[in-house]
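[1] got a predicted model here, sequence first, then my questions.
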Amino acid sequence: MDDNSSEELSDKIKRMDIKEFKNLGFLQEANRLFFHPLGLALEIVIQNDGTYRLGGMWDYREDSEGIMFDSKALSKEKAAHVAAERSIHSEARKKLFDGDVIQEIV
């Protein structure tokens, strides 16, 4: 694939704004459910001009307990929003992936 083809494909991909990703709870839940138990955390940085960007990955894999949120930092509303979004796609994905929502590696 040449550089022009990559750019054309990239232009067709729908993207969510990073601020929206954080505010709707996707960052919290990605970290809480996946990254934190592995000792990792996806970071979002707020720039001086107020824009949001991905900052990188925190890496505490050497800590036996992984990473934990301060309980006051967790939002039940954000968790519920992400769970509702997940359920919207569950039935279609179960049909695609033999009763599971996760795509199997074959």
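    Good, I have the coordinates. Residues are numbered from 1 along each chain as shown.
[2] not counting sequence-adjacent ones, nearest residue to His81?
    Gly25 (4.9 Å; CB to CB, 6 or more residues apart in numbering). Just so you know, the C-beta spots here come from the backbone N, C-alpha and C atoms, and that holds for glycine as well.
[3] can you verify my assumption that the one you found contacts Lys76?
    No - the pair Gly25 / Lys76 is not scored as a contact, 9.7 Å apart, by CB atoms under 8 Å.
[4] neighbour count: those two, which is higher?
    More neighbours surround Gly25 than the other of Gly25 and Lys76, with 22 against 8 (other CB atoms under 10 Å).
[5] list the contacts of that one.
    Gly25 makes contact with 75, 77-79, 81-82 under the criterion CB atoms under 8 Å, 6 or more residues apart in numbering.
[6] residue ranges of the helices in the chain, please?
    Assignment of helices within the chain using DSSP state H yields the ranges 3-12, 18-23, 26-30, 76-96.
[7] so which of the ones you listed is the most surrounded?
    Mean neighbour counts were compared across the helices of the chain using mean count of other CB atoms under 10 Å; the top stretch is helix 26-30, at a mean of 19.
[8] which strands or helices does that one pack on?
    Secondary structure elements in contact with helix 26-30, counted by 3 or more CB pairs under 8 Å, 6 or more residues apart in numbering; DSSP states H and E, are strand 40-46, helix 76-96.
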